[in-house]
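Peer 1: Mind looking at a prediction? Sequence and model below.
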Amino acid sequence: MKYEAVIGLEVHAQLATNTKIFCGCSTRFGAEPNTQTCPVCSGMPGALPVMNRKVLEYTVKSGLAMNCRISPLSVFARKNYFYPDLPKGYQISQFDKPICEHGHVEIVLDGEIRRIGITRIHMEEDAGKNLHEAAPGYSLVDLNRACVPLMEIVSEPDIRTPREAAVYMKKVRTILRYLGVCDGNMEQGSLRCDANVSVRPVGQKEFGTRSELKNINSFRFVEKAIEYEIDRQIKLIESGGKVVQETRLWDAAAGRTYSMRGKEEAHDYRYFPDPDLVPIEVDVAWVDGIRASMVELPDAMRERFVSEFGLPEYDAEVLTAERNLAEWFENVVKAGGAPKAASNWIMGDLMKLLNEENRSIDDCPLKPAQLAAMLKLIDEGVISGKIAKTVFDELYRTGKEPAEIVKEKGLVQISDESAIEDEIRRIVDASPKELERYRAGDVKLMGFFVGQVMKATKGKANPKVVNELLRKVLEG
């Protein structure tokens, strides 16, 4: 029997505000434990929460970017559970009246566009952090993260493969980073997700029993964890067992999931409206103002790169994966660089060097105008594409201007036809056997002769001129 997976993701994004959602404590990462706390976020009796307006703005902005309906009335609720890192004994979240609902995100997979529905986006506070290895024999609690603003993005169960789940999560991260509402730093926990996974026979409409995989913090682990869980459930069913609804944890070192606890339902949390926070009434004009101020989003930018610059879909997809990279490319084009050539150099040589040095485009030592200047030298025939490799490496390493590097190293391309023809005749005269074989029909030897000319001129001869003159000499 063949099975298909049914997958839904709950992406938790930490909002990039300076202060927490219900108090004025800092959200800075990496501070000493319990140094960014106050009576509100440490759950002291009588301390009252006050809503951070920027959290609402960022969540509405995200909802608009993901094609959601913005609810005119939104309510905070208390989600009750008991764990050492939750000092109040409840988490302030949203339940039946979230701020954003009924949206979608489009992803590109194997050249096809897939639409993944968004059930809801809601605001909530983060819990603290249990430190199990800080003191032998004890578990300690750090409340710096308590009350840090989170946004939970809940997808519809529209995802069918582990790869699709990873691509969807990457797309959500891209959108949030474009908006500037979340830094997307998965290593620091700014973006993580829970995955709901079930399997069913192909053709069956009813969903199978699902497991929830908790707190996955990398795209690779999202794919691996879901892959393992699908395989586990299928093997369990085929061996006569039964999948139980539960929460499972992903063990990256072992490459497997394991049971954590039975899966809670909404009634287990005993949700009720938080009496300390008033309902949020959203003004339509305010929402329209946010919509008008939003940056160009990745889908729109990708389409524009294809239509305006004539880039292939693949190039446009890669370049718009990060807003800063897309802007860097556009600055090359604005400085006079040919779009496709700029795309090739950025996706190839530039990204290779940045990756080797673990740098982002923000830390790139090369300026867009410098790459544009080098591309102009290629277009004008001053340097060849091969010589440009040397110029580019030097440009990246030293920051000097391309023309200066070409002059210093004597890299100007030789386009003088008489000089190139003299070199060709010398090489042809020194290769009588190769010449005889070429004229007998072994046309592959053209590459041999081109290589010899380029070697003799140290790569400086104009390749176009070399090919034209070689044919003339060889066939003469």
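Peer 2: That came in fine, so what should we check first?

Peer 1: Quick check: the gap between the spatially closest residue to residue 347 that is not a sequence neighbour and residue 180.
Peer 2: Spatial nearest neighbour of residue 347, excluding adjacent residues (Cβ to Cβ, 6 or more residues apart in numbering): residue 318 at 5.6 Å. In this view, the C-beta of every residue, glycine as well, is placed from N, C-alpha and C. Counting by Cβ to Cβ, to the nearest Å, the gap between residue 318 and residue 180 amounts to 21 Å.

Peer 1: Check residue 235 too.
Peer 2: 44 Å.

Peer 1: go on, residue 198?
Peer 2: 35 Å.

Peer 1: Residue 395 now?
Peer 2: Residue 395 is 30 Å from residue 180, where distance means Cβ to Cβ.

Peer 1: Settle it for me: which of these two has more neighbours?
Peer 2: Applying other Cβ atoms under 10 Å to residue 395 and residue 180 shows that residue 395 carries more neighbours, namely 22 against 12.

Peer 1: would the more buried one count as being in a strand?
Peer 2: No. Counting by DSSP: H, G, I helix; E, B strand; the rest coil, residue 395 is not part of a strand but helix.

Peer 1: so it makes contact with residue 372?
Peer 2: No. Residue 395 is beyond contact range of residue 372, at 11.5 Å (criterion: Cβ atoms under 8 Å).

Peer 1: Quick one, grab the pLDDT at the residue nearest to residue 347.
Peer 2: As predicted, residue 318 sits at a pLDDT of 93.

Peer 1: so residue 182 touches residue 17, yeah?
Peer 2: No. Counting by Cβ under 8 Å, residue 182 does not reach residue 17; the two are 10.0 Å apart.

Peer 1: what is in contact with the two at once?
Peer 2: When contacts are counted by Cβ atoms under 8 Å, 6 or more residues apart in numbering, residue 182 and residue 17 are jointly contacted by residue 58.

Peer 1: Looking at these two, which one has more neighbours?
Peer 2: Using other Cβ under 10 Å, the more surrounded residue of residue 182 and residue 17 is residue 182, with 24 against 18.

Peer 1: ok but the more buried one is inside a strand, no?
Peer 2: No. Applying three-state DSSP, one finds residue 182 to be coil, outside a strand.

Peer 1: Distance of it relative to residue 152?
Peer 2: 12 Å.

Peer 1: Partner strands of the helix or strand harbouring residue 154, with direction?
Peer 2: Under the criterion of DSSP states H and E, residue 154 resides in strand 149-155. Looking at strand 149-155 with DSSP bridges, its partner strands are strand 3-14 (antiparallel), strand 112-125 (antiparallel).

Peer 1: Does anything pack onto the helix or strand just after it? Which helices or strands?
Peer 2: Sequence-wise, the next helix or strand downstream of strand 149-155 (DSSP H and E) is helix 162-179. When contacts are defined as 3 or more Cβ pairs under 8 Å, 6 or more residues apart in numbering; DSSP states H and E, helix 162-179 packs onto strand 3-14, helix 53-65, strand 100-109, strand 191-201, helix 219-238, helix 298-309.
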